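S.K.: Sequence first, then the predicted structure:
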Amino acid sequence: MKPLLEIRGLEVEVGGKKILNGLDLVVETGGVHAIMGPNGAGKSTLSYVLAGKPGYEVTGGKVLFDGENLLEMEPDERAARGLFLAFQYPMEIPGVATLTFLRTAFNAQRKKRGQPELSVPDLMKRVREIAARLDINPEMLRRPLNVGFSGGEKKRNETLQMALLEPRLCVLDETDSGLDIDALKVVSEGVNRLRSPDRAFVVITHYQRLLDHIVPDVVHVLSAGRVVRSGGKELALELEATGYAQYQNEAA
Amino acid sequence: MIHLGKNTTSRIISKGIAAGRSQNTYRGLVASHRRASGARNFTNCDSLLIGSHCGAHTVPYMEAKNSSTVFEHEATTSKISDDMLFYCRQRGMSAEEATALVVNGFVKDVLQQLPMEFAVETQKLISISLEGSVG
């Protein structure tokens, strides 16, 4: 079977500094892959490169998404093809109601895929249903996007967008950061509900805690810009016990 | 804005957008007559910059001819950041759609005050003027 995401020997520089150094990662459709690693290992860089953030220079390797060269696509094209990045720090957009943002994003993606746009009442119905499941107060949908939202509300809002846009590959960049235990549960449940044989996840995190809720199929350890070890979900537990120190030595 | 009567109040909201190499300047006179005691004005000047070759300037003029007048002025300048645009683009919007969304959010409190027909016109006008300004 053709993998959904195939990364081979990826090398990336940011401002002349090499961050990713020959990274390999293959994610098949339906798989949930966790990426763990110490600070500065290149975890967030990986998520930004996949999403196409400007300023990240790819100096080697390739990334195939559904068999096509991902690195040649514009960020919005990647999104329309089903790549979703849940941001560690979602941006605030003053004056733009959350619902307006959702509608604009949703219809922009549909337009790019040649699908008809959804009418406002239909869209609102969908958004309301998802919001209810995520314990989101409908009043939040009228507030400007992420402005004055608490950490938990921001991450819930990211999950809401993910559920609405129905991507094929979800990259979660430290979704657990800034969440209390209850919010973590709600967000993880939201993510788990989206797990399906047609969808894959790359979950980036520092801690085992998140992986108790979102149980991964495969765990990768990232250190100094490359995957140094892969294993089943028990690897995460082992890391929790031993820490990352041994891998840092290995990479150095 | 000229205050002639006693205890009169006024409010000015100015929203300026500068893109490309343009410079945007706000100049506004707020005056109170010597018999207009208790006059109050609040002026709010917000500027939005698109790109790094443009600028915004605020030059408020105030002429208070009696001592009980209260004039207030507040100014903010913000920039559409690359991070904000990237966030929108990651959700599937083109660079232009993303800019239009952020700009419309910026001018929202002014447009809301306009009658429906004008608001729609203005919104269209803004998106036309912004065409090609994102590079």
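M.R.: Thanks, I have it. Numbers count the residues shown, from 1 in each chain, chains lettered A, B, ... in the order given.
S.K.: On the three-state scheme, the residue in the stretch 51-200 of chain A positioned nearest to chain B is what?
M.R.: Ranked by Cβ to the nearest Cβ, the top residue of the stretch 51-200 of chain A for proximity to chain B is residue A:95, at 3.1 Å. Just so you know, the C-beta spots here come from the backbone N, C-alpha and C atoms, and that holds for glycine as well. Assigned with DSSP: H, G, I helix; E, B strand; the rest coil, residue A:95 falls in the coil class.
S.K.: which residues does the closest residue to chain A within chain B contact?
M.R.: Nearest residue of chain B to chain A (Cβ to the nearest Cβ) works out as residue B:105 at 3.1 Å. Neighbouring residues of residue B:105 by Cβ atoms under 8 Å, 6 or more residues apart in numbering or on different chains: A:93, A:94, A:95, A:96, A:144.
S.K.: Quickly list what the residue nearest to the spatial centre of chain A is bridged to.
M.R.: Closest residue to the average C-alpha location of chain A: residue A:171 at 2.0 Å, with Cα atoms, centre = their mean. Under DSSP bridges, the beta-bridge partners of residue A:171 are residue A:85, residue A:202.
S.K.: In this structure it contacts residue A:199, no?
M.R.: No: Residue A:171 is not in contact with residue A:199 according to Cβ atoms under 8 Å; the separation is 11.9 Å.
S.K.: Assumed residue A:115 was part of a strand.
M.R.: No: per three-state DSSP, residue A:115 lies outside any strand segment and is coil.
S.K.: Just give the number of residues close to it.
M.R.: Close neighbours of residue A:115, defined as other Cβ atoms under 10 Å in any protein chain shown, add up to 11.
S.K.: do residue B:113 as well
M.R.: Neighbours around residue B:113, by other Cβ under 10 Å: 10.
S.K.: repeat for the one 4 residues further on
M.R.: Other residues within reach of residue B:117 by the criterion other Cβ under 10 Å amount to 8.
S.K.: elements contacting the helix or strand where it lies?
M.R.: Under the criterion of DSSP states H and E, residue B:117 resides in helix B:116-130. Applying 3 or more Cβ pairs under 8 Å, 6 or more residues apart in numbering or on different chains; DSSP states H and E, one finds that helix B:116-130 makes contact with strand B:9-19, helix B:95-111.
S.K.: Of all the ones you listed, which one comes closest to residue A:65?
M.R.: helix B:95-111 (20.6 Å; Cβ to Cβ).
S.K.: and that closest one, how far out from the chain's middle?
M.R.: Distance, stretch centre to chain centre, for helix B:95-111: 12 Å (Cα atoms, centre = their mean, to the nearest Å).
S.K.: How about the secondary structure of the closest residue to residue A:6 other than its chain neighbours?
M.R.: Leaving out its chain neighbours, the residue that sits closest to residue A:6 by Cβ to Cβ, 6 or more residues apart in numbering or on different chains is residue A:64, at 4.3 Å. Under three-state DSSP, the three-state class of residue A:64 is strand.
S.K.: In the chain, where is pLDDT below threshold?
M.R.: Since no chain was named, I'll use chain A. Within chain A, the stretches with pLDDT under 70 are A:1, A:248-252.
S.K.: was after chain B, sorry
M.R.: In chain B (pLDDT under 70), the answer is B:132-135.
S.K.: Give me every residue in it lying close to chain A.
M.R.: B:78, B:81-84, B:86-95, B:97, B:101-102, B:104-109 (Cβ under 8 Å from any Cβ of the partner chain).
S.K.: In terms of residue numbering, what are the domains of chain B?
M.R.: Listed domain ranges for chain B are B:1-79, B:81-135 (source: automatic domain parsing).
S.K.: Near residue A:114, how many other residues are there?
M.R.: 7.
S.K.: before we move on, back to that, how far away is the closest residue to the residue of chain B closest to chain A other than its chain neighbours from residue A:105?
M.R.: The spatial neighbour of residue B:105 that comes closest, neighbours along the chain excluded (Cβ to Cβ, 6+ apart), is residue A:95 at 3.1 Å. Relative to residue A:105, residue A:95 is positioned 16 Å away (Cβ to Cβ, to the nearest Å).
S.K.: neighbour count winner among these two?
M.R.: Neighbours per residue, other Cβ under 10 Å: of residue A:95 and residue A:105, the larger number sits with residue A:105, 25 against 21.
S.K.: residue boundaries of the helices in the stretch 151-252 of chain A?
M.R.: Using DSSP state H, counting those that start in this stretch, the helices found in the stretch 151-252 of chain A span residues A:151-165, A:181-194, A:208-213, A:234-242, A:245-251.
S.K.: residue contacts, the residue nearest to residue A:6?
M.R.: A:3, A:5, A:6, A:7, A:70.
S.K.: picking that back up, for residue A:232, which of the domains of chain B is the nearest?
M.R.: The nearest among these, by Cβ to Cβ, is domain B:81-135 at 30.6 Å.
S.K.: deepest of the helices and strands packed on helix B:116-130, which one?
M.R.: For those, the largest average neighbour count (mean count of other Cβ atoms under 10 Å in any protein chain shown) is found in helix B:95-111, namely a mean of 20.
S.K.: Alpha carbons only: can I get that helix in PDB?
M.R.: Extracted as PDB, the C-alpha positions of helix B:95-111 are listed here (Å, rounded to 0.1, in the frame of the first residue of the first chain):
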ATOM      1  CA  ALA B  95      -2.500  34.700   0.400                       C
ATOM      2  CA  GLU B  96      -5.000  37.200  -0.900                       C
ATOM      3  CA  GLU B  97      -8.000  35.600   0.900                       C
ATOM      4  CA  ALA B  98      -6.000  35.600   4.100                       C
ATOM      5  CA  THR B  99      -5.100  39.300   3.800                       C
ATOM      6  CA  ALA B 100      -8.600  40.200   3.000                       C
ATOM      7  CA  LEU B 101      -9.900  38.400   6.100                       C
ATOM      8  CA  VAL B 102      -7.400  40.100   8.400                       C
ATOM      9  CA  VAL B 103      -8.100  43.500   6.900                       C
ATOM     10  CA  ASN B 104     -11.800  43.000   7.200                       C
ATOM     11  CA  GLY B 105     -11.400  42.100  10.800                       C
ATOM     12  CA  PHE B 106      -9.400  45.300  11.300                       C
ATOM     13  CA  VAL B 107     -12.000  47.600   9.800                       C
ATOM     14  CA  LYS B 108     -15.000  45.800  11.200                       C
ATOM     15  CA  ASP B 109     -16.000  48.200  14.000                       C
ATOM     16  CA  VAL B 110     -16.200  51.000  11.400                       C
ATOM     17  CA  LEU B 111     -18.000  49.000   8.800                       C
END
